[in-house]
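Asker: kindly return the folded structure for what I paste below:
(one chain, ligands or ions: 1)
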Amino acid sequence: MAEQLSTIVELQQAVDELRAADELLGGIPDWMQELHEEHSERKAAIDALAAEVEEATQARRAAETEINDLREKVKHFQEQIGMVRNQREYGALLQEIDSAKQQINTFEEQALTALETQEEASGRLEEERQSFKDLDSRYGTELEKWEAQKPDVAKKAEVLRSRIEVLRERVPPQILTHFERVMAHRDGKGLALIQEVVRGKGPKIWHCGACNYRVRPQAVVAIQTHGSIEMCDSCKRILYIEEEVG
Ligand SMILES: [Zn+2]
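Answerer: Presented below is the predicted three-dimensional model:
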């Protein structure tokens, strides 16, 4: 393979490795993925329970505030009883008191229901928190292990970054621009392997390994003999051939 093409192959490889390293640094490694998911799920369940407790607490407090206000109202009405001037006013006042007392009953029921929910959810929350402790500490240990490995991955990413810069310098600007543009638009792949379609007989047929479009035989020959830079007619990725084939 001619030098330009092999440089591009190497460049693509370094770009791929760097992307994987960067993704790893920004995420969770495979070996602790399962634990991470379990931990996240359990933590989300605990958060949801805590929210349920909070909601019930708020509902109970709101009902209690209403009850207190209504009791004040009743007290106020009762003080007025001594000042009524006729039967009609007396009747109206009694009706007000009655209605306020009914409302108090309704809010008392609400407060009780909220209290029951609050206590029930608090109990479950406490249980969940207890049983989460073990998982949480295991997760903490794994996370520490991963944190200890991170510097190595970061170092590797740095080395790859420098390597990429060196390789980029070696590729003619026009080709580099094309390669990087395709890479940016096509899932980070600016390069495609040519694949020979195996058939019983007849002339050989080649396809672009990325988009499956047919590759002209002249292009295959040009790459094989001169290592020339050829693009896929469809996806525009730069084409290359496995060394042993070429
Ligand atoms: Zn293609």
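Asker: just for the protein, where's the confidence low?
Answerer: Along the chain, segments meeting pLDDT under 70 span 1, 243-246.
Asker: remind me, longest strand of it?
Answerer: Ranked by residue count under DSSP state E, the longest strand found in the chain is strand 191-197.
Asker: and that strand, which residues are buried?
Answerer: 191-192, 194-195 (16 or more other Cβ atoms under 10 Å). The way it works is simple: take the backbone N, C-alpha and C, and place the C-beta from them, glycine included.
Asker: now the two most distant members of those residues.
Answerer: Greatest spatial distance in those: Leu191 and Gln195, 13.3 Å, computed using Cβ to Cβ.
Asker: tell me how many other residues surround the closest residue in space to Ile28 that isn't next to it in sequence.
Answerer: Closest residue to Ile28 apart from its sequence neighbours, by Cβ to Cβ, 6 or more residues apart in numbering: His36 at 4.7 Å. Close neighbours of His36, defined as other Cβ atoms under 10 Å, add up to 17.
Asker: stretch 195-211 vs the ion: in contact?
Answerer: Yes - using Cβ under 5 Å from the ion, stretch 195-211 reaches the ion at 208, 210-211.
Asker: closest one of these to Gln13?
Answerer: Ala210 (15.2 Å).
Asker: on that earlier part again, quick one, phi psi at the residue nearest to Ile28?
Answerer: phi -60, psi -40 (degrees, to the nearest 10).
Asker: number the chain from 627, please
Answerer: Got it, first residue is 627 now, which makes that one His662.
Asker: how near is the residue lying closest to Glu678 once chain neighbours are set aside to the ion?
Answerer: Nearest in space to Glu678, with sequence neighbours left out and distances taken as Cβ to Cβ, 6+ apart, is Ala747 at 4.5 Å. Applying Cβ to the ion, to the nearest Å, the value for Ala747 to the ion is 57 Å.
Asker: so Ala747 makes contact with Ala677?
Answerer: No - using Cβ atoms under 8 Å as the test, Ala747 is too far from Ala677 to be in contact (9.2 Å).
Asker: hang on, Lys776 packs against Leu651?
Answerer: Yes - between Lys776 and Leu651 there is a contact at 6.5 Å, judged by Cβ under 8 Å.
Asker: give me the three-state assignment for the spatially most central residue of the chain.
Answerer: By Cα atoms, centre = their mean, the mean C-alpha position of the chain lies nearest to Gly653, the distance being 9.7 Å. Of the three states, Gly653 takes coil under DSSP: H, G, I helix; E, B strand; the rest coil.
Asker: next to the ion in this structure, residues from the chain, please.
Answerer: 834, 836-837, 839, 858, 860-861.
Asker: could you flag which of the residues you listed are buried?
Answerer: Taking 16+ other Cβ under 10 Å as the criterion, what is buried in these is 834, 836, 858, 861.
Asker: filter those residues down to the ones in strands?
Answerer: Cys834.
Asker: longest helix in this protein, please.
Answerer: helix 713-796 (DSSP state H).
Asker: now the following helix or strand past that one, how far from the centre of its chain.
Answerer: Following helix 713-796 in sequence order, the next helix or strand is helix 799-811 (DSSP states H and E). In terms of Cα atoms, centre = their mean, to the nearest Å, the centre of helix 799-811 is found 30 Å from the chain centre.
Asker: pull out the CA atoms of helix 799-811 and give them to me as CSV.
Answerer: C-alpha atoms of helix 799-811 as CSV (Å, rounded to 0.1, in the frame of the first residue of the first chain):
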residue,chain,number,x,y,z
PRO,A,799,-4.2,19.1,2.6
GLN,A,800,-6.8,18.5,-0.1
ILE,A,801,-7.1,14.8,0.7
LEU,A,802,-7.1,15.5,4.4
THR,A,803,-9.9,18.0,4.1
HIS,A,804,-12.0,15.5,2.1
PHE,A,805,-11.3,12.7,4.5
GLU,A,806,-12.2,14.7,7.5
ARG,A,807,-15.3,16.1,5.9
VAL,A,808,-16.6,12.6,5.1
MET,A,809,-15.6,11.4,8.5
ALA,A,810,-17.6,14.2,10.1
HIS,A,811,-20.7,13.4,8.0
